[in-house]
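*Asks:* from the sequence below, what's the structure:
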Amino acid sequence: MSNALSTAISAAHAAGELIRSHFGKHLEVNAVYSHDIKLELDIQSQDLITGILLKAFPDHAILGEEGIAGNQESPWQWIVDPIDGTVNFFYGIPHFCISIALRKGEEIQLGVIYDPMRNELWEVERGGIPKLNGSPIRVSSRSQLSDSVLSVGMSKSPDVIVTATALLEKYVRRARKCRLMGSAALDLAYVACGRLDAYIEQSVSLWDIAAGQLLVEAAGGRFESNARPDAPQKIAVRASNGVLDLSVE
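*Replies:* Next comes the predicted model:
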């Protein structure tokens, strides 16, 4: 596993260098949606990560936001988000990251999240100590909503936006502050190291949260997720420091 973690870190650093070199410059847009943007750089970043991972582990599978690669029959699957926070990146907001996880079957074995603008790298192996730039991390100890800072994500689905807006209103009245940050993976990394006390999102994809899930759990937090019945490929997530009461009824 240490070899796999080192490879994931190398891939994250390489993709981060690529992405950072394009920040603030002209970008090729592949697709524009009501609430999202797809860049050519997303594909370039995933191709770079895929090449590094499959060179080291040629029989592994890749599942990424920009497509699949490798041996899809393999029990080992890399889960990749080449730019989590593409809209932030496109608009020149320096809050985005690369997320890479490896799972065997349904169990996440390692996770790496890299913020190339702050040069911050979170890493964890199953059963190991989660770290930020080499130093151990731990979730916060805040137990009162009135003392907490939460991130409440907003999906692109109109139905989910309505639900999330109602939830945000409840939390914003009870928490110290609520934030909408624009990068699910970084939100989870921030929960893992105590910058945020919780992250709530009604509809995300596996590549958004795979690495962050293991980080939060290894750092002493709690991670809850449920597949959405209306969209089986989407996941509702609630992650916290494990002591915060998120009830808002």
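
*Asks:* shouldn't residue 26 be within a strand?
*Replies:* No. Counting by DSSP: H, G, I helix; E, B strand; the rest coil, residue 26 is not part of a strand but coil.

*Asks:* residues touching it, list them.
*Replies:* Residues near residue 26 by CB atoms under 8 Å, 6 or more residues apart in numbering: none. C-beta: built from backbone N, CA, C; applies to glycine.

*Asks:* now the phi/psi pair for it, please.
*Replies:* Main-chain torsions, residue 26, degrees, to the nearest 10: phi -60, psi 140.

*Asks:* how much space between it and residue 16?
*Replies:* Look at residue 26 and residue 16: by CB to CB, to the nearest Å, they are 20 Å apart.

*Asks:* next helix or strand past the strand or helix carrying residue 77?
*Replies:* Counting by DSSP states H and E, the secondary-structure element that holds residue 77 is strand 76-84. Following strand 76-84 in sequence order, the next helix or strand is helix 86-90 (DSSP H and E).

*Asks:* check which residues of that following helix are buried.
*Replies:* For helix 86-90, burial by neighbour count (16 or more other CB atoms under 10 Å) applies to 86, 88, 89, 90.

*Asks:* cool, and stretch 215-235?
*Replies:* The neighbour-count criterion (16+ other CB under 10 Å) identifies 215, 216, 217, 218, 219, 220, 221, 222, 223, 228, 234, 235 as the buried residues of stretch 215-235.

*Asks:* start to end distance for it?
*Replies:* According to CA to CA, to the nearest Å, stretch 215-235 extends 18 Å from its N-terminal end residue to its C-terminal end residue.

*Asks:* what's the span of stretch 223-243, first residue to last?
*Replies:* End-to-end distance of stretch 223-243: 12 Å, with CA to CA as the criterion.
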